[in-house]
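Asker: Build me a structure from this.
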Amino acid sequence: MTVDRLAVVSGGGTGIGRAIAARLAGDGHRVVILGRRPAVLEQAREEIERAAGPGRVVPVAADLTDPAAVEAAAARIAGLGPVDVLVNNAGAIVTPPADGTLAALAASWRRDLDGNLLTAVLLTTALQGGLRRPGGRLVVVSSAAAQRGGAGPHSAGSYAAAKAALHGWAFGLARQLGPDGITVNVLAPGYIEDTEIFGAGWSEEFHARKVADTLVGRAGTPADVAEAVAYLASPAAGYLTGQVIGLNGGAVLGR
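Answerer: Predicted coordinates for the structure are as follows:
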């Protein structure tokens with residue numbers, strides 16, 4: 001079990017982020033969970049600490065698209081010590097344009113870029129000086145949509161573009177931080193059940209199509225993502241950096 005390591009998970013109150021936080025807390029990390037909704041974060045803290053023990057989770061409410069809010073959150077986190085693991089998981093469901101005008105399209109794309117790209121850039125930049133050197137682990141959660149393009153209401157063009165932009169940004173960080181002994185990797189999940197993006201509103205036909213795309217005949221789960229992140233975040237992964245790792249049941253083959 002890991003001892004005295006600090007992890008930060010954005011979007012840590014629900015779905016994939018909560019599963020990641022629970023897995024890291026179970027490994028012995030103290031975990032900061034970030035999100036916009038204090039009540040959701042508090043509920044996640046209670047649930048995770050029932051299994052991992054008291055004092056393992058620190059909820060910090062912040063809108064990560066707001067530079068001032070990110071600075072305030074980073075100041076709180078700095079008081080907890082060096083950051084061993086930073087998981088940029090925060091993301092937003094796409095927002096269709098309000099109408100057919102270019103102005104509405106631009107507003108929609110800016111919201112999606114802010115929610116899915118800028119959140120990671122601002123939080124990482126704010127915490128970068130406090131990452132443990134050597135040994136820090138930075139994990140960026142992307143999407144299979146970045147690799148095959150987005151379509152439909154759950155992964156439209158703006159979402160796929162924002163997630164793809166994370167890849168190039170992460171590669172640059174890997175080059176920058178590698179000499180300090182910090183690894184940077186991207187995890188790109190495919191169809192993951194029980195998340196706010198793929199929630200109760202999707203039909204059985206949609207679920208069947210997504211499962212049929214895989215080679216293993218099932219949907220992914222938040223726990224699948226958490227297990228992959230746990231390895232990338234571990235001391236054992238010190239030679240793995242600058243990579244995009246597809247976690248999609250074979251729906252998108254490696255390239």
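Asker: just for the stretch 51-200 of the chain, where's the confidence low?
Answerer: For the stretch 51-200 of the chain, applying pLDDT under 70 flags the ranges 151-155, 195-200.
Asker: ok, residues contacting the strand or helix carrying Ile20?
Answerer: Counting by DSSP states H and E, the secondary-structure element that holds Ile20 is helix 15-26. Helix 15-26 is contacted from outside by 7, 9-12, 31, 33, 35, 44, 47-49, 51-52, 56-57, 85, 87, 89-90, 141, 189, 192, 194-197, 221-223, 225-227, 229-230, 233, using CB atoms under 8 Å, 6 or more residues apart in numbering. For the C-beta atoms, the positions are set from N, CA and C on the backbone; glycine is no exception.
Asker: go with 7 Å
Answerer: Surrounding helix 15-26, the residues in contact under the criterion CB atoms under 7 Å, 6 or more residues apart in numbering are 7, 9-12, 31, 33, 44, 48, 51-52, 56-57, 85, 87, 89, 141, 192, 194-196, 222-223, 225-227, 229-230, 233.
Asker: With just CA atoms, put it into CSV.
Answerer: Presented in CSV, the C-alpha positions along helix 15-26 are these (Å, rounded to 0.1, in the frame of the first residue of the first chain):
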residue,chain,number,x,y,z
GLY,A,15,-18.5,8.5,-12.4
ILE,A,16,-15.0,7.9,-13.6
GLY,A,17,-13.5,10.5,-11.4
ARG,A,18,-15.0,9.1,-8.2
ALA,A,19,-13.9,5.6,-9.2
ILE,A,20,-10.4,6.8,-9.7
ALA,A,21,-10.4,8.7,-6.4
ALA,A,22,-11.7,5.6,-4.6
ARG,A,23,-9.0,3.4,-6.1
LEU,A,24,-6.2,5.8,-5.2
ALA,A,25,-7.6,6.2,-1.7
GLY,A,26,-7.8,2.5,-1.3
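Asker: Show the contacting residues for Ile48.
Answerer: Ile48 touches Ala21, Ala22, Ala25, Arg56, Val57, counting by CB under 7 Å, 6+ apart.
Asker: swap in Val184?
Answerer: The contact partners of Val184, by CB under 7 Å, 6+ apart, come to Leu138, Ala170, Leu173, Ala174, Leu177, Thr241, Gly242.
Asker: Counting neighbours, which of these comes out on top?
Answerer: Leu138 (27 neighbours; other CB atoms under 10 Å).
Asker: now the contacts of Val184 in JSON lines, with distance to Arg209 and secondary structure?
Answerer: Formatted as JSON lines, the entries for the contacts of Val184 read as follows, by distance: CB to CB, whole Å; DSSP: H, G, I helix; E, B strand; the rest coil:
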{"residue": "Leu138", "distance to Arg209": "34", "secondary structure": "strand"}
{"residue": "Ala170", "distance to Arg209": "30", "secondary structure": "helix"}
{"residue": "Leu173", "distance to Arg209": "35", "secondary structure": "helix"}
{"residue": "Ala174", "distance to Arg209": "34", "secondary structure": "helix"}
{"residue": "Leu177", "distance to Arg209": "39", "secondary structure": "helix"}
{"residue": "Thr241", "distance to Arg209": "35", "secondary structure": "coil"}
{"residue": "Gly242", "distance to Arg209": "33", "secondary structure": "coil"}
